[in-house]
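In: Just a sequence and a predicted model for now, questions to come.
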Amino acid sequence: MRLEPSLRHRKALQIRDRKGAGRFSPFAHMIRFRRLSMPEAPWEQLDAMPDRAIYQTRAWIEFVSEAQGGEPVVAQIREETSQDSRILGYFSGVLIRKAGVPILGSPFPGWTTPYIGFNLLPGVSRSMVLPAFAEWAFGSLGCWHFEICDQSFSEEDAAGLGLHRGYYETGCTDLALSEDQLFANMTSACRRCIRKAEKSGVQIEEANDDAFAGEYYEQLKDVFAKQGRTPTYGVERVRLLMKHLLPTGNLLVVRARSPEGLSIGTGIYPGFNGCAEMWGNASWRAHQIWRPNESLHWYAMRYWKKRGVKTFDWGGGVGYKEKFGMEVVRIPAFYRSRMRWISAVRDAARLLYYKSRPLVARLQWNRQA
């Protein structure tokens, strides 16, 4: 039996309703989503899946849920036929409400979480489960809007499903290379900054103390103040991140100290299952002559490399990060609303938000059906 329908087949089976929510084919009804309670979810089995990311772990989902005042959502995906039933994979996300509108984010803009999405068994494609996902989100889950970005998505995965598409753009460094090669791939100016910091006596230290969150956040405010802005999230989010992730061993938090022992820069780097990310970085402008940022990133790259991580994700936005040597990656993301006015409001709000906050690493949404 051929499980994955052709593009022509999916287009033929799709039926749009007047409000633009869409109803999907009988093929989608062969695939079932069943929501699991947090204790019910097979966490060890999930974390062993090859496409598992840090943002899909229990600790991260609980962090986002607490930070956003939402409900964690974990669902088992099954294919059911008259003869058989089998597990295809799992979905993770968080259910929130905005102005009373129920929204399923996997993830949602502003969560400082680039992607969540699916974990699927080998041989199961994203295009196979997306139609049933949309029907489940609007149906039994009762959402009016959903957004989903999966690090394994391709543009073709949602073809013919009437979903709007955007992109998450980031840069990735291959940590499988030797340290010498990683250093050589940086620009000469970047290498000079790292050498200068080392020769000047800048020290990088790992931190797990309660003072770190406030220290990082004060430096972050100074970064944003350079352009007359304020950070896009509060210090409580940093505290919650440390509360949920530090006990797992999947979070590196580090500070840079000047030759005089002053804390002049900080960095936050989660890592899991072969991939680490630069989640946050800040430093005092008055002490940037010591080049703490470059030293923090280089420390984090080597730290995760020693632990078997193969990819370093620079966390959205490219710009100045290109000097570290990276490959630019664009990951498709999809969203849809039950009523068209919700998508219109969402797009207008997002455009206004990014016009007012140029420092934010942007998700580049192109509204396309």
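Out: Structure received. Note that this is a predicted model, so its numbers are computed, not measured. Numbering: from 1, shown residues only.
In: C-alpha only now, for contacts and for neighbours.
Out: Will do.
In: Going by neighbour count, list what's buried in the longest strand along the chain.
Out: Under DSSP state E, the strand in the chain containing the largest number of residues is strand 85-98. Burial within strand 85-98, assessed by neighbour count using 16 or more other Cα atoms under 10 Å, is assigned to Leu88, Gly89, Tyr90, Phe91, Ser92, Gly93, Val94, Leu95, Ile96, Arg97.
In: Need the residues you listed in TSV (columns: distance to Gly160).
Out: Compiled in TSV, the buried residues of strand 85-98 are given as follows (distance: Cα to Cα, whole Å):
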residue	distance to Gly160
Leu88	22
Gly89	22
Tyr90	23
Phe91	21
Ser92	24
Gly93	24
Val94	26
Leu95	26
Ile96	27
Arg97	28
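In: can you give me the strands for the stretch 1-150 of the chain?
Out: 31-36, 71-80, 85-98, 101-106, 117-120, 145-149 (DSSP state E, counting those that start in this stretch).
In: Quick check: which of those strands is nearest to Ala176?
Out: Distances from Ala176 to each of those were compared by Cα to Cα, and the smallest falls on strand 117-120, at 23.7 Å.
In: Describe which strands the closest one pairs with in its sheet and in which direction.
Out: For strand 117-120, the paired strands and their directions (DSSP bridges) are strand 85-98 (antiparallel).
In: can you give me the helices for the chain?
Out: 7-13, 43-47, 58-68, 126-138, 179-184, 188-200, 212-225, 235-245, 292-306, 340-356 (DSSP state H).
In: I'd like those helices written out as CSV, with mean pLDDT and mean neighbour count added.
Out: Rendered in CSV, the data for these read as follows (pLDDT from 0 to 100; neighbours: other Cα atoms under 10 Å):
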stretch, mean pLDDT, mean neighbour count
helix 7-13, 37, 15
helix 43-47, 97, 13
helix 58-68, 98, 20
helix 126-138, 96, 22
helix 179-184, 98, 14
helix 188-200, 96, 16
helix 212-225, 97, 19
helix 235-245, 98, 18
helix 292-306, 98, 21
helix 340-356, 56, 13
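In: which one of those lies closest to Thr266?
Out: Nearest of the helices of the chain to Thr266, taken as Cα to Cα: helix 212-225 at 5.7 Å.
In: Just list what the closest one packs against, helices and strands only.
Out: For helix 212-225, the helices and strands in contact under the criterion 3 or more Cα pairs under 8 Å, 6 or more residues apart in numbering; DSSP states H and E are helix 235-245, strand 263-272, strand 280-283.
In: Mind putting the strands of the stretch 1-150 of the chain into CSV with mean pLDDT and distance to Ser295?
Out: Output for the strands of the stretch 1-150 of the chain, formatted as CSV (pLDDT from 0 to 100; distance: least, Cα to Cα, whole Å):
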stretch, mean pLDDT, distance to Ser295
strand 31-36, 97, 43
strand 71-80, 97, 36
strand 85-98, 96, 34
strand 101-106, 96, 33
strand 117-120, 98, 33
strand 145-149, 96, 31
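In: Output those strands in JSON lines, with distance to Gly308 appended to each entry.
Out: Rendered in JSON lines, the data for the strands of the stretch 1-150 of the chain read as follows (distance: least, Cα to Cα, whole Å):
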{"stretch": "strand 31-36", "distance to Gly308": "31"}
{"stretch": "strand 71-80", "distance to Gly308": "28"}
{"stretch": "strand 85-98", "distance to Gly308": "25"}
{"stretch": "strand 101-106", "distance to Gly308": "27"}
{"stretch": "strand 117-120", "distance to Gly308": "21"}
{"stretch": "strand 145-149", "distance to Gly308": "25"}
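In: Confirm for me that Tyr167 is in contact with Ala333.
Out: Yes - the pair Tyr167 and Ala333 passes the contact test of Cα atoms under 8 Å, sitting 5.5 Å apart.
In: Look at these two and report which has more neighbours.
Out: Regarding Tyr167 and Ala333, a neighbour count based on other Cα atoms under 10 Å identifies Ala333 as having more, with 29 against 18.
In: which residues does the more buried one bridge with?
Out: According to DSSP bridges, the residues that bridge with Ala333 are Cys149, Gly166.
In: show me what contacts the residue nearest to Arg78 when sequence neighbours are not counted?
Out: Distances taken as Cα to Cα, 6 or more residues apart in numbering place Ile87 nearest to Arg78, at 4.4 Å, with adjacent residues excluded. Shown here is Ile87, whose contacts under the criterion Cα atoms under 8 Å, 6 or more residues apart in numbering are Gln76, Ile77, Arg78, Glu79.
In: shouldn't the first one be in contact with Arg34?
Out: This means Gln76. Yes - contact status for Gln76 versus Arg34: in contact at 5.2 Å, counting by Cα under 8 Å.
In: just to revisit the earlier point, so which of the contacts of Ile87 is the closest to Thr232?
Out: When the contacts of Ile87 are compared for distance to Thr232 (Cα to Cα), Gln76 wins out at 33.2 Å.
In: Identify the bridge partners of the closest one.
Out: Beta-bridge pairing for Gln76 (DSSP bridges): Arg34, Tyr90.
In: Tell me the spacing between it and Phe153.
Out: For Gln76, the distance to Phe153 (Cα to Cα, to the nearest Å) stands at 19 Å.
In: Same question for Thr266.
Out: Taking Cα to Cα as the measure, Thr266 falls 32 Å from Phe153.
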